[in-house]
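Visitor: Next comes the sequence, and after it the predicted model I'd like to discuss.
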Amino acid sequence: MKMQKKLAQRNSLSFLFFLIISFYFSVWVNDFSLFAADNKAITPDDVYRTVTGNKPYDVSGQKASFIKNNEKWFIIGAHKPINRNYLETKEWPLKGPVYDIVILSDPISDDKILPKIPVMKNVLKSGVIKLEACRGEYEPVSFVIRTGDIQLKDVEITSTHLKRINRVKNGRPETIDNKFVDIRIVKSWYQSGESLRTDKHGVSAPEPELLVANKTLTPELLLHNDKLIDIDHTYQVNVIRDFTNINDKEKIEPFDCEIRSNKQIWITLKIPNNSKPGEYEGTIHIKPKNTNKTNIKLSLTVFPFELKPPKLYYALYYLNALQLSKNQNLFDFKPKSSMYKDFLDIKSHGINNVIISQRNLNLDVLEDVLNLKDSAGLDKDSLFFTAWPKLVTDHSSLKKLTMDVETLVGFTRKRNIRKVYYYGVDELKTSLLPLERAMLKTIRQSGGLTMTATDQSFLGVIDDLLDLVIFRGPPDQRIVEAVHKKNNQIWIYGNPQGGEEKPLTYRYNYGYLLWKLKVDGAGIYAYQGRMGQDPWDDFDHPKYRDHMMTYPTIDGVIPTIQWEGLREGIDDVRYLSTLIDLENNLDDSKKREIQEAIANLDFSQPPKSIRQEIVRKILYFINQ
């Protein structure tokens with residue numbers, strides 16, 4: 001009997017030892033395979049075969065296409081090595097067949113909510129989402145669905161109408177229709193490296209070119225249809241649909257949530273212009289098919305004042321041309337319907353105007369573009385135009401430049417455009433700047449105003465010939481004062497360029513920081529700026545990543561978290577401008593109070609806190 005007992009213990013120990021050895025062997029094999037992938041032992045073809053399930057595929061450059069469910073898909077990023085920083089797994093905090101809802105205290109944050117991150121910042125457990133806004137404003141909120149040991153299937157998210165509390169008109173409560181509640185899924189996917197900066201608030205000059213370094217898993221896209229893009233985390237590749245043949249859905253579609261994962265939801269509420277000030281309440285319903293539903297209260301305060309336009313000017317480089325032939329690709333050439341939607345989107349994000357790009361002046365095409373721009377409500381008084389000219393000094397080239405500018409100026413007079421800014425040579429090197437003087441003089445002599453992108457080397461070289469300086473990164477006050485002393489303007493760009501998945505950085509750097517720097521506005525590059533062949537492929541350029549605030553589809557756009565962060569930054573300046581404008585209706589003593597209130601604003605605080613302080617001051621002064 002004792003012998004049998006000892007034998008059983010020995011067998012148990014042997015079996016336990018076998019399990020331990022097997023576990024470590026499997027880990028070693030897994031790590032070895034990933035190590036091999038890092039050292040390119042796994043080829044792109046290996047990735048393509050695995051991802052497609054050995055279906056036929058076609059390779060073009062550094063991506064492959066295949067057919068799934070009668071639709072064309074692309075595999076992007078297979079030629080880049082795996083980033084081992086994203087292969088770690090940690091113990092998941094939520095246990096059992098349950099799920100949680102956590103609210104982001106501020107959706108405009110650079111803290112990434114990733115699918116498998118166990119600890120989230122900037123979140124709170126609550127059944128209520130609170131937001132405050134003015135009529136006509138777009139305001140974002142966000143929450144995260146966190147699952148435990150359960151997969152949520154076919155999750156539906158809907159919103160009720162928002163009812164004004166204790167207010168009834170003609171026997172019915174006053175409401176904000178739920179059509180103004182836009183619900184989207186935040187999609188994390190693999191992008192390339194981030195730009196270098198020494199201060200998160202941009203007070204030191206950043207490196208705006210985003211060098212392709214490592215695959216970076218990052219939240220970015222705001223989708224109605226979560227199934228537009230699949231992510232393969234084993235090989236860290238994006239598997240996307242062919243967006244030259246498809247749009248996103250108009251409203252959020254049912255989606256799944258993986259076991260032990262996070263799914264971030266983004267809600268943008270547009271406050272109708274005819275809304276009454278006061279308190280509104282609605283409900284967000286979260287209904288998985290395979291378990292209990294959850295309700296979140298949406299609590300809105302509509303302020304009793306109008307939000308004024310920003311006292312800074314915002315322009316955006318718009319690089320797309322008008323499509324004249326179906327043979328022209330949809331990434332560079334857009335049909336009128338799509339371009340008009342772009343301009344509406346740009347207008348709704350608080351941008352005043354676009355910098356129009358046309359390498360060869362075509363007045364017929366330009367007229368169509370301006371008609372679309374004007375119809376969308378963008379600024380009609382000023383034209384910002386670039387043909388991306390090369391540096392020239394010879395007589396014949398300057399003569400052609402004269403003819404182009406004179407033709408453009410003559411054309412704009414018929415449209416009552418008061419100011420025509422004509423772009424010089426972009427980002428010219430310091431040693432060549434003196435040679436640009438002839439071109440800038442020619443533009444001025446031909447009736448145009450001059451502008452170009454540059455750095456501090458322009459000062460003392462071409463500053464007397466630049467009506468608008470588009471400055472790379474934040475300038476020191478010496479440069480700002482020198483520009484203003486000549487009665488010229490200075491905008492900021494490249495702080496950062498478009499495309500970084502950092503909504504808070506855009507909010508601050510193109511919001512309160514601009515005001516703090518005492519510049520005149522921003523010229524942001526770009527709405528959609530592809531660097532390689534495909535704007536949906538962040539890895540197809542040897543040096544730069546794409547500069548995308550939105551992504552193109554066949555006849556529309558997909559927004560990003562950085563695009564929404566930029567809108568919040570512009571709205572911050574609008575709130576500040578609203579406070580300033582109160583001076584017009586107050587006596588001298590109250591004007592001095594407002595001036596002191598503005599001077600005492602602490603711009604080192606988070607932008608949300610600064611705005612709350614501005615709102616408090618506005619409400620104080622309008623109630624005097």
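Guide: All right, it came through fine. These numbers were taken from a predicted model, which means no experiment stands behind them. Residues are numbered from 1 along each chain as shown.

Visitor: Using the record's domain definitions, break this structure down for me.
Guide: 2-74, 85-302, 313-559 (automatic domain parsing).

Visitor: For the second one, what is the distance to the chain centroid?
Guide: Looking back up the chat, that one is domain 85-302. 14 Å (CA atoms, centre = their mean, to the nearest Å).

Visitor: What average pLDDT does stretch 347-358 get?
Guide: Stretch 347-358 carries an average pLDDT of 98.

Visitor: Kindly report the same for stretch 368-381.
Guide: Confidence over stretch 368-381, taken as the mean pLDDT, stands at 98.

Visitor: Send over that stretch as PDB, restricted to the C-alpha atoms.
Guide: Taking Å, rounded to 0.1, in the frame of the first residue of the first chain, the C-alpha atoms of stretch 368-381 are listed here in PDB:
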ATOM      1  CA  ASP A 368     -15.600  74.800 -59.400                       C
ATOM      2  CA  VAL A 369     -13.400  74.300 -56.300                       C
ATOM      3  CA  LEU A 370     -14.200  77.800 -55.000                       C
ATOM      4  CA  ASN A 371     -17.900  77.300 -55.600                       C
ATOM      5  CA  LEU A 372     -17.800  74.100 -53.500                       C
ATOM      6  CA  LYS A 373     -15.800  75.800 -50.800                       C
ATOM      7  CA  ASP A 374     -18.100  78.800 -50.700                       C
ATOM      8  CA  SER A 375     -21.200  76.600 -50.600                       C
ATOM      9  CA  ALA A 376     -19.700  74.800 -47.600                       C
ATOM     10  CA  GLY A 377     -19.500  78.100 -45.700                       C
ATOM     11  CA  LEU A 378     -15.700  78.600 -45.700                       C
ATOM     12  CA  ASP A 379     -14.200  82.100 -45.900                       C
ATOM     13  CA  LYS A 380     -15.000  83.800 -49.200                       C
ATOM     14  CA  ASP A 381     -12.900  87.000 -48.700                       C
END
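
Visitor: mind checking how far it is from the chain centre?
Guide: How far stretch 368-381 lies from its chain's middle: 23 Å, per CA atoms, centre = their mean.

Visitor: Run through who's touching it.
Guide: With CB atoms under 8 Å, 6 or more residues apart in numbering as the contact definition, stretch 368-381 has outside contacts at 322, 336, 339-340, 343-344, 346-347, 351-354, 356, 358, 383, 415-419. C-beta here means a position set from N, CA and C on the backbone, and glycine is covered the same way.

Visitor: repeat that for 7 Å
Guide: Taking contacts as CB atoms under 7 Å, 6 or more residues apart in numbering, the residues outside stretch 368-381 that touch it are 322, 336, 339-340, 343-344, 346-347, 352-354, 356, 415, 417-419.

Visitor: Drop anything exposed from the residues you listed.
Guide: The neighbour-count test (16 or more other CB atoms under 10 Å) marks Leu322, Met339, Tyr340, Phe343, Ile346, Lys347, Asn352, Asn353, Val354, Ile356, Ile417 as buried among the contacts of stretch 368-381.

Visitor: Tell me which two of those sit farthest apart.
Guide: Taking every pair in those and measuring CB to CB, the maximum separation is 21.2 Å, between Leu322 and Asn352.

Visitor: Show me the shaky parts of the chain.
Guide: Counting by pLDDT under 70, the chain has low-confidence residues at 1-40, 86-89, 168-173, 194-213.
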